[in-house]
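Asks: what shape does this take:
(one chain, ligands or ions: 1)
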Amino acid sequence: MIEANLTSAPSINIKPIGIVNSPYKEKFAIPRQPGLVDAAKGTIALLNDVNTLDSVRGLEQFSHIWLLFVFHGTQAQGWKPLVKPPRLGGNKKLGVLATRSTFRPNPIGMSVVKLDSIETVEQNIILHISGMDLLDQTPIVDIKPYITYSDALPNACAGFAQHQPNSKLNITFSENSRQILTRLTQRLPELSLLIEQVLAQDPRPAYKQNKLDEKVYGMHLYNLNIQWRMLNVETIEVIQINELS
Ligand code: SAM
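Replies: Below you'll find the predicted structure:
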């Protein structure tokens with residue numbers, strides 16, 4: 001007999017163990033999975049009693065780590081059993097548990113990212129990571145080493161998400177945005193590559209993929225507002241880059 005007694009299910013108390021610092025300051029234009037934009041570099045600062053060298057002893061042996069985190073930017077919006085995955089054009093419904101939607105019964109996400117290094121800065125343990133798909137200030141609730149023999153299953157069936165999305169747009173920069181990139185090179189050496197990799201994914205809503213539209217879009221990376229538009233169905237032009245205060 002299957003017993004599912006909700007009233008006696010234990011309550012769970014989970015606290016953040018770290019906070020992400022990411023170049024992605026808003027949801028728009030964040031890649032839909034990790035590993036798609038390797039020029040995205042950020043950090044995790046460990047918190048409270050987890051902020052000790054003992055907690056991360058041995059972690060430096062691993063090139064990649066699993067991050068379990070809370071979708072803090074969308075959790076207030078709750079969840080529904082059916083969602084519309086962008087991969088299916090945003091017009092077909094699937095069960096939330098068959099997708100990686102952020103609107104989940106418990107707003108927990110999981111991403112594999114590259115662990116570039118671990119350092120201590122004024123008694124704070126900082127993990128340097130890259131390739132993340134995380135909003136700035138995302139609370140981390142657990143970190144685990146990525147273990148290839150068990151975690152990588154190249155023959156697994158992945159349903160509607162079997163292959164990496166194939167949108168690969170060309171990116172051009174206006175003369176003005178090129179000059180600003182040159183000025184910012186010293187502070188943000190990976191910025192132009194980051195912009196190119198983010199835009200190559202086509203961050204527009206699913207129903208606009210492979211279509212031309214005339215809108216000027218803005219995205220917020222680091223402290224920059226980056227404006228761009230479609231030149232044709234295969235090319236995006238970065239028009240302007242403005243520093244926000
Ligand atoms: N890799 C994770 C997973 O599978 O659980 C996340 C996948 S989810 C489709 C990725 C999207 O979540 C990003 O494109 C971004 O829009 C959104 N996102 C990332 N961090 C978030 C946060 N802290 N709060 C809300 N949304 C977030």
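Asks: could you chop this structure up by domain?
Replies: Using automatic domain parsing, the domains assigned to the chain come out as 8-159, 165-243.
Asks: how about the residues of this structure near the ligand?
Replies: Contact residues, the chain versus the ligand (Cβ under 6 Å from any ligand atom): 27, 30-34, 71-74, 100, 102, 109-111, 133-135, 138. Quick note: C-beta positions are derived from backbone N, CA and C, even for glycine.
Asks: any quick ChimeraX command for the buried ones out of these?
Replies: The ChimeraX selection below is limited to those of the residues of the chain next to the ligand classed as buried (16 or more other Cβ atoms under 10 Å):
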select :30,31,33,34,71,72,73,74,100,102,109,111,133,134,135,138
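Asks: just the ones of the residues of the chain next to the ligand in strands?
Replies: Among the residues of the chain next to the ligand, the members found in strands (DSSP state E) are 109-111.
Asks: can the residues you listed go into JSON lines with extra columns for pLDDT?
Replies: Formatted as JSON lines, those follow (pLDDT from 0 to 100):
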{"residue": "Gly109", "pLDDT": "98"}
{"residue": "Met110", "pLDDT": "98"}
{"residue": "Ser111", "pLDDT": "98"}
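Asks: which stretches of this protein form helices?
Replies: Taking DSSP state H as the test, the helices found in the chain are 148-151, 175-184, 191-200.
Asks: which one of those helices is the most hemmed in?
Replies: helix 191-200 (a mean of 20; mean count of other Cβ atoms under 10 Å).
Asks: CA atoms only: put that one into CSV for me.
Replies: Output in CSV follows, covering the C-alpha atoms of helix 191-200 (Å, rounded to 0.1, in the frame of the first residue of the first chain):
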residue,chain,number,x,y,z
LEU,A,191,33.1,41.9,-22.0
SER,A,192,33.0,41.8,-25.8
LEU,A,193,33.1,38.0,-25.9
LEU,A,194,30.4,37.9,-23.2
ILE,A,195,28.1,40.2,-25.2
GLU,A,196,28.7,38.1,-28.4
GLN,A,197,28.0,34.8,-26.6
VAL,A,198,24.9,36.0,-24.9
LEU,A,199,23.4,37.6,-28.0
ALA,A,200,24.3,34.5,-30.2
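Asks: so it versus helix 175-184, what angle?
Replies: 130 degrees (axes from the mean of the first three to the mean of the last three Cα atoms, to 10 degrees).
Asks: helices and strands around helix 191-200, which ones?
Replies: strand 170-173, helix 175-184, strand 217-221, strand 224-232, strand 235-243 (3 or more Cβ pairs under 8 Å, 6 or more residues apart in numbering; DSSP states H and E).
Asks: how about the ones you listed in TSV, adding mean pLDDT?
Replies: What follows is the helices and strands packed on helix 191-200, written out as TSV (pLDDT from 0 to 100):
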stretch	mean pLDDT
strand 170-173	98
helix 175-184	97
strand 217-221	98
strand 224-232	97
strand 235-243	97
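Asks: all set now, cheers.
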